[in-house]
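A.B. asks: What would the 3D arrangement of this be:
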Amino acid sequence: MMDIRADAYALADDLVDLRRRIHAEPEIGLQLPRTQEKVLASLAGLPLEITLGENTTSVVAVLRGNAADRAPIGSSPVVLLRGDMDALPIQEQTGLDFASTFDGVMHACGHDLHTAMLVGSAHVLAQHRDQLSGDVVFMFQPGEECADGARIMIEEGVLDAAGRRADAAFALHVFSGRIPNGGFVTKPGTVLSAADILKVQVHGLGGHGSSPYLAKDPIVASAEMILALQTMVTRTFDPFDPVVISVGHVEAGSAHNVIPDTATFTATIRSYSPDSRTRLMAQIPRLLRGIASAHGLDVDVDYTPLCPLTVNDVDETAFTMQTIGELFGDDRAIPMPHPIGASEDFSRILDLTPGAFIGLGAVPRGLDPERAPDNHCAQAEFDDGVLADGAALLSDLAARRLADLSSAHQLTAVAAPS
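C.D. replies: Residues are numbered from 1 along each chain as shown. Prediction:
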């Protein structure tokens, strides 16, 4: 009989040590050699089939279940578990004794915890491989932060790493604010927004600030565009199917009395339905070009799709909430009232495989979740105490799902006509 929670808790000290070593040496993007080295060392000795990425420093580890009732490789069930590994270009300001030793780089989104939890799950499930009726794929992913690492790993075959397409996929994400410590949150359907990037360059005609009528001012046109984008949101999109446009960077000019030739701005765009996203892609360029034309200017509009909507499967979400309740108690399973305004490339996995994305509160004990620095803040801190719980949930989701899928397969086989 598996006691997954006890087995995960027995690893707690090792998981804290791994997490803190990763935190002290954070890496950005698709190439994370130090992190990959730590992961491989932590998996050494386990009965895993390991494949390294060709275009990234990803690690894919397959654990073959060895239960007596398992079907042959290629027909037995497969569950995928994801842990992202990359950090952010942020100067850490936590003052922790294991804080980042690299200037301008920080694990401000908790991916160091995700990596440690996935390593823990590999250890727990390896102890019980004789009771697993299928295979588990451990997906250690670089480049979640705007580098689309999931897409690259999919292209390199992570979903079929066990010999057939994964039947279900799960990922945990910790939060340093908003969610109470130890609480697990998720919901069926859209759980995270889609994210796109808007880059705009307005081309005018420079001149002296004292004679704007002799110039074509790109700054004024850019300002009108930025305000018009906000008006477009409130006047053309349903507030119950919201979109968000936030301009985060504006650049123009070099002196107070000079009208420049060009002005640029960039924005992040979030949406919560495929219909709204499609409309944004069409309406934004049309709006900006119309304003530019009215001012007698030219404009380059670069609308780049980034992450799709993260959409949880209804059945897998119900299964996840039931598993959380049975493993930790119903009070730890918190239904999410609405999607979170963040985006994730685990969405690409869920586009191809039913599964669930789950949030886990890692607010340091004693802090108010509503006031604690949130993910991506230079002051964000995460409680190591949730590591064993995260490893336990990932392990239990995989073990239970393999058992359910195996039973369903056997029932189907028995029911099939001879």
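
A.B. asks: Show the backbone phi and psi for the spatially closest residue to G134 that is not a sequence neighbour.
C.D. replies: Nearest residue to G134 in three dimensions, chain neighbours excluded: P77, at 3.7 Å (CB to CB, 6 or more residues apart in numbering). From N, CA and C alone the C-beta is placed, and that goes for glycine too. Backbone dihedrals for P77, given as degrees, to the nearest 10, come out at phi -70, psi 160.

A.B. asks: Surely P77 is in contact with S133?
C.D. replies: Yes. Between P77 and S133 there is a contact under CB atoms under 8 Å: 6.8 Å.

A.B. asks: quick one: common contacting residues for the two?
C.D. replies: 71, 402, 405-406 (CB atoms under 8 Å, 6 or more residues apart in numbering).

A.B. asks: Looking at these, point me to the pair that's furthest apart.
C.D. replies: Greatest spatial distance among these (CB to CB): A71 and L402, at 10.9 Å.

A.B. asks: So which of those two has more stuff around it?
C.D. replies: L402 (26 against 16; other CB atoms under 10 Å).

A.B. asks: Quick test: name the residue nearest the centre of the chain.
C.D. replies: Nearest to the mean C-alpha position of the chain, counting by CA atoms, centre = their mean, stands E344 at 3.3 Å.

A.B. asks: Relative to H114, how far out is it?
C.D. replies: Distance of E344 to H114, computed by CB to CB, to the nearest Å: 11 Å.

A.B. asks: so what sits against both of those two?
C.D. replies: 171, 173.

A.B. asks: before we move on, the earlier item: P77 and S133 - which one has more neighbours?
C.D. replies: Taking other CB under 10 Å, P77 and S133 do not tie; P77 has more neighbours (26 against 23).

A.B. asks: OK, contacts around that one?
C.D. replies: 71, 133-135, 167, 401-402, 405-406, 409.

A.B. asks: before we move on, what SS does V136 have?
C.D. replies: strand (DSSP: H, G, I helix; E, B strand; the rest coil).

A.B. asks: That one bridge partners, please.
C.D. replies: With DSSP bridges as the criterion, V136 is bridged to L63, V79.

A.B. asks: Return the distance of it relative to L125.
C.D. replies: 6 Å.

A.B. asks: Let's see which of the shared contacts of P77 and S133 end up in strands.
C.D. replies: In strands, judged by DSSP state E, none of the shared contacts of P77 and S133 are found.

A.B. asks: In helices only, show me those residues.
C.D. replies: Judged by DSSP state H, these include 402, 405-406 as members of helices.

A.B. asks: Switch those residues over to TSV; also include pLDDT.
C.D. replies: Output for these, formatted as TSV (pLDDT from 0 to 100):
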residue	pLDDT
L402	97
L405	92
S406	87
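
A.B. asks: between those residues, which is nearest R279?
C.D. replies: Using CB to CB, L405 comes nearest to R279 of these, at 38.4 Å.

A.B. asks: what's near enough to touch that closest one?
C.D. replies: So L405 contacts 77, 79, 133-134, 167-168 (CB under 8 Å, 6+ apart).

A.B. asks: Least confident of the residues you listed?
C.D. replies: Among these, S133 carries the weakest pLDDT, at 93.

A.B. asks: And the closest residue to that one other than its chain neighbours, how close does it get to R82?
C.D. replies: Sequence neighbours aside, S406 is the residue nearest to S133 in space, at 3.5 Å (criterion: CB to CB, 6+ apart). Separation of S406 from R82 (CB to CB) stands at 22 Å.

A.B. asks: How about G163?
C.D. replies: For G163, the distance to R82 (CB to CB) stands at 19 Å.

A.B. asks: So for those two, which residue has more residues nearby?
C.D. replies: R82 (27 against 15).

A.B. asks: can you dump the C-alpha coordinates of the one helix or strand that one maps to into PDB?
C.D. replies: Per DSSP states H and E, R82 falls inside strand 78-84. Included here for strand 78-84 are C-alpha records, laid out as PDB according to Å, rounded to 0.1, in the frame of the first residue of the first chain:
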ATOM      1  CA  VAL A  78       0.800   7.500 -19.500                       C
ATOM      2  CA  VAL A  79       0.700  10.500 -17.200                       C
ATOM      3  CA  LEU A  80       2.900  13.600 -17.700                       C
ATOM      4  CA  LEU A  81       4.000  15.900 -14.800                       C
ATOM      5  CA  ARG A  82       5.600  19.300 -15.600                       C
ATOM      6  CA  GLY A  83       8.000  21.400 -13.600                       C
ATOM      7  CA  ASP A  84       9.500  24.600 -15.100                       C
END
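
A.B. asks: so I226 makes contact with T266?
C.D. replies: No. The pair I226 / T266 is not scored as a contact, 10.9 Å apart, by CB under 8 Å.

A.B. asks: Which residues are in contact with each of the two?
C.D. replies: With CB under 8 Å, 6+ apart as the test, I226 and T266 both reach V247.

A.B. asks: Quick one: the helices in the chain, in order.
C.D. replies: 4-10, 12-24, 33-43, 111-127, 149-155, 218-236, 274-294, 314-328, 346-352, 387-415.

A.B. asks: If I average pLDDT within each of the ones you listed, which one is lowest?
C.D. replies: Ranked by mean pLDDT, the helices of the chain end with helix 387-415 at the bottom, a mean of 84.
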